[in-house]
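Engineer: sharing a model prediction with you, sequence too.
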Amino acid sequence: MALFDLRDRGYSPPKLVVGDWDNFRRGLNLLLKETEIPKDAMAQADNIMLIGRGTPTRRWGIGNYYMANATGAVRGLAGYYNSNGTNELVAITDAGTLTVKSGASYIVRTGASWASGYPISMAQLDDNLYIATTQREVVKYDGTSLSGFPTVAQPTNVFATQVSGASGSSRYSYRINTITVNGDTLATTPFEIENQPESLTDGAIRISWTPASAASGVIEGYGIFGRNLGDERFITKVYAPETSFIDDGSLIPAEFTFPPLADSTGGIVAGNIERYDDRLIYSNIPGDESKMVITGRVPNHEKTDVASGGNYLRIEPDAGDPIVAVKGFGSRIIAFKEKSIWDVSLSQLTVGNFVVTQPRATVITAALGCIAPRTIQAVEKDIFYLTRKGVYAIGYEPNILADVLRTNEISAAIRPYFENLTAEELKNAIALYAGFKYIVIIPGKNQAVVYDRERFAWLGPWTFDANTAIVYFDDEGTERYLLGSDSSPYVYELSSEYDSDNGSAINMTLRTKKEDFGDWSIYKTLKDVYSVWTSIEGEVTVELRIENREGKTQTIKSFTLNAANTQGSSGWGWDTFGTTLWGDSEGTADVTGLDELVKWLSVNKIARRVQIIIKTNKKGSNFELLGIQLQVRPIGRGLKGKGWRVTS
């Protein structure tokens, strides 16, 4: 006889599935599709920054700090900190003059001017601010006035003769240059003397010349280069007014001490100047882009001649890969070329009575260089910089005892953003490291993207731009993040004290991932949406989007959260939104803390995926989103999307 189980087992509906967003610490992710990104990442993060463990809120605002000149975009901006306590903010705009901040306006400093339309690079050393650009020689600012450097000519009438009358089959060559208080001239054409003994100890050679005319005190001495034709190297320096030197062979020419390739008596022409320890280093030199020039050490930091501790280095000359900038990194100098990066070390060698600086370069990577020299910034223990593929970092290899440098990509999560920029936009980009955030600004595009160093997350774009940006410490020691406008002579401050951009609303947009609750092939009933907020200001708009059975994205709810009604019962407004109950005005507010608001929405809509978008578009509006919870009930595989069936 057959046995049957006739007990009523009842219906067991599918269990609720919960989707939680309790932080967004991974920031913006543009590399993956909106369905693929982690739940703690954002598909869109316009004008968003993170606080706490990853709570999204409004970015810093912008306010007017002062007007730097009457006209022109800001090309250069720097703080000048004198050891006597003087603290000045200096700027150069397209008006072509250097100005110093005075209240909300400026004071013009005279003595030099600059062509409009070109970036300005500045570095301070020994109580002087040195100003470089590709359009003129370097200029010095001492806190009172601007000054250039005097130029002089080469020596003339170079002549060499045998002192003892000894003879032989050897030939020697000599070149002489003039050394001034800040630089040196090109060396003269070679003067050859033939039929000389093989060793100069058997017959010394006397070299003489006629000095160039110059004001008293300008000419410091003369550099002597010899002895092989075409390979003349530094032998010694003689001091003015001496106009001759006897070469007896006792001094040995040194490596990397060739005659200068450019006249530096009037100052170096360079697009980039960098302070390294107690030296200055120039790069991006017009006409010789593979060269970097190194000055002597303080007090010889204005001199580039070999005898004063200066020198130059050409890295892979004529390879079509110019040096765009250099950056000090601990005891090293990092030379950034457009297609490669080099580690430059300085060593010292004694030649006679002089200590000669010898630079040597070793390649770090030939895979990628730096396209935007003004994005090179020290970020904690690394250096960040922009390449053609995005932001990279250079630093020490972890867990390696040797002093090994490595490079790695930082911006993979937003790589598509940089790929969509033109080469010119990449080249003109600048960067600022402020408040533990590496901010890459694209002048003219009104956009900046931000790397949050504390949370290792990208955010943005932030809708502002600038030609130049610095961290400045004012008279009271307050740290200020300043932006030089790319369209006006104004300097703006980026600060949490501002709730707008010079009175204009900061439009925020946060878009979450498209959540399918772990199974894209099953439709679900979206039951309830919970959210928790704090610090509501102004007006916040929330959209709830789903993918319906037709496969279309549909906004099923859109509502506004006003700061004015967050103190009442619900925080969403009145009792209902359409036919949906948002809160109960007869009850009490859902407050779990002094300023924390928990909100609930009953939805009951069928969806395959769910996404939430939060926006603000009015001045002063803000929020802190502490979390979102979505509760869905899977329907099962019996319900399929319209148009899913494949017909033969």
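Structural biologist: Structure's in. What do you need? Numbering: from 1, shown residues only.
Engineer: low pLDDT regions in this structure?
Structural biologist: Low-confidence segments of the chain (pLDDT under 70): 1-13, 398-403, 564-594, 648.
Engineer: and if we set it to 80?
Structural biologist: Residue ranges of the chain with pLDDT under 80: 1-14, 215-217, 352-353, 397-404, 563-595, 638, 647-648.
Engineer: what about the helices in it?
Structural biologist: Using DSSP state H, the helices found in the chain span residues 415-419, 423-428.
Engineer: what's the end-to-end length of stretch 496-505?
Structural biologist: Across stretch 496-505, the straight-line distance between its terminal residues is 14 Å, by Cα to Cα, to the nearest Å.
Engineer: for the remainder of this discussion, apply numbering that starts at 41.
Structural biologist: Noted, 41 is the first residue going forward, which turns the last one into stretch 536-545.
Engineer: what does it contact?
Structural biologist: If you take Cβ atoms under 8 Å, 6 or more residues apart in numbering as the criterion, stretch 536-545 is touched by 98, 100-104, 503-504, 532, 546, 577, 656-662. No exception for glycine: its C-beta is placed from N, CA and C like everyone else's.
Engineer: try stretch 327-335
Structural biologist: Under the criterion Cβ under 8 Å, 6+ apart, residues 301-302, 304, 308, 310, 319-323, 325, 341-344, 348-359, 361-363, 366, 375, 377, 384, 386, 397, 399 lie in contact with stretch 327-335.
Engineer: buried ones in that stretch?
Structural biologist: By neighbour count, with 16 or more other Cβ atoms under 10 Å as the criterion, the buried positions of stretch 327-335 are Asp328, Glu329, Ser330, Lys331, Met332, Val333, Ile334, Thr335.
Engineer: do stretch 249-267 as well
Structural biologist: Of the residues in stretch 249-267, those buried by neighbour count under the rule 16+ other Cβ under 10 Å are 249, 251-252, 254, 258-267.
Engineer: any chance of these in a markdown table, plus distance to Ala488?
Structural biologist: Conversion of these to a markdown table gives the following (distance: Cβ to Cβ, whole Å):
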| residue | distance to Ala488 |
| --- | --- |
| Trp249 | 56 |
| Pro251 | 54 |
| Ala252 | 51 |
| Ala254 | 49 |
| Val258 | 47 |
| Ile259 | 49 |
| Glu260 | 47 |
| Gly261 | 50 |
| Tyr262 | 52 |
| Gly263 | 48 |
| Ile264 | 53 |
| Phe265 | 50 |
| Gly266 | 55 |
| Arg267 | 57 |
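Engineer: out of these, which are inside strands?
Structural biologist: Using DSSP state E, the subset of the buried residues of stretch 249-267 located in strands is Trp249, Ile259, Glu260, Gly261, Tyr262, Gly263, Ile264, Phe265, Gly266, Arg267.
Engineer: so who does the third one touch?
Structural biologist: In this case it means Glu260. Residues in contact with Glu260 (Cβ under 8 Å, 6+ apart) are Ile219, Thr220, Val221, Tyr279, Ala280.
Engineer: I'd assumed Pro251 was in contact with the last one.
Structural biologist: Yes. Applying Cβ atoms under 8 Å as the test, Ala280 and Pro251 come out as touching, 7.0 Å apart.
Engineer: and for these two, which residues touch both?
Structural biologist: Both Ala280 and Pro251 are contacted by Ile259, Tyr262, under the criterion Cβ under 8 Å, 6+ apart.
Engineer: report how many residues lie close to Leu523.
Structural biologist: Applying the criterion other Cβ atoms under 10 Å, we find 26 residues in the vicinity of Leu523.
Engineer: kindly apply the preceding question to Val198 instead.
Structural biologist: Val198 is flanked by 18 other residues according to other Cβ under 10 Å.
Engineer: before we move on, what about Ala294?
Structural biologist: When counting by other Cβ under 10 Å, one arrives at 20 neighbours for Ala294.
Engineer: list the beta-bridge partners for Asn662.
Structural biologist: The bridge-partner assignment for Asn662, based on DSSP bridges, gives Glu577.
Engineer: contact partners for it?
Structural biologist: Applying Cβ under 8 Å, 6+ apart, the residues near Asn662 are Thr97, Arg98, Asp539, Met548, Ser575, Ile576, Glu577, Gly578, Val580, Thr656.
Engineer: can you give me the distance of Pro159 to Gly261?
Structural biologist: The gap separating Pro159 from Gly261 is 35 Å, by Cβ to Cβ, to the nearest Å.
Engineer: do the same with Asp167
Structural biologist: 25 Å.
Engineer: try Thr111
Structural biologist: As judged by Cβ to Cβ, Thr111 and Gly261 stand 45 Å apart.
Engineer: and Leu445, by the same measure?
Structural biologist: Look at Leu445 and Gly261: by Cβ to Cβ, they are 39 Å apart.
Engineer: cool, and Lys477?
Structural biologist: According to Cβ to Cβ, Lys477 and Gly261 sit 50 Å apart.
Engineer: phi first, then psi, for Phe476.
Structural biologist: Reported as degrees, to the nearest 10, the phi and psi values for Phe476 are phi 60, psi 30.
Engineer: for Glu420, give me its contacts.
Structural biologist: Contacts of Glu420 were listed using Cβ under 8 Å, 6+ apart, and they are Arg493.
Engineer: nearest to Thr139, of the ones in strands among the buried residues of stretch 249-267?
Structural biologist: Thr139 lies nearest to Glu260 out of those, by Cβ to Cβ, at 33.4 Å.
Engineer: excluding its backbone neighbours, what's nearest that closest one?
Structural biologist: For Glu260, ignoring the flanking residues on the chain, the nearest one in space by Cβ to Cβ, 6 or more residues apart in numbering is Ile219 at 5.0 Å.
Engineer: Ile139 contacts Arg149, doesn't it?
Structural biologist: That one is not Ile; residue 139 is Thr. Yes. Under the contact definition of Cβ under 8 Å, Thr139 touches Arg149, with a separation of 6.9 Å.
Engineer: identify the contacts common to the two.
Structural biologist: Residues touching both Thr139 and Arg149 (Cβ under 8 Å, 6+ apart) are Val130.
Engineer: would you mind telling me which of those two has the busier surroundings?
Structural biologist: Here Thr139 and Arg149 are compared on neighbour count by other Cβ under 10 Å; more neighbours surround Thr139, at 23 against 18.
Engineer: and for Tyr106, the neighbour number?
Structural biologist: Other residues within reach of Tyr106 by the criterion other Cβ under 10 Å amount to 19.
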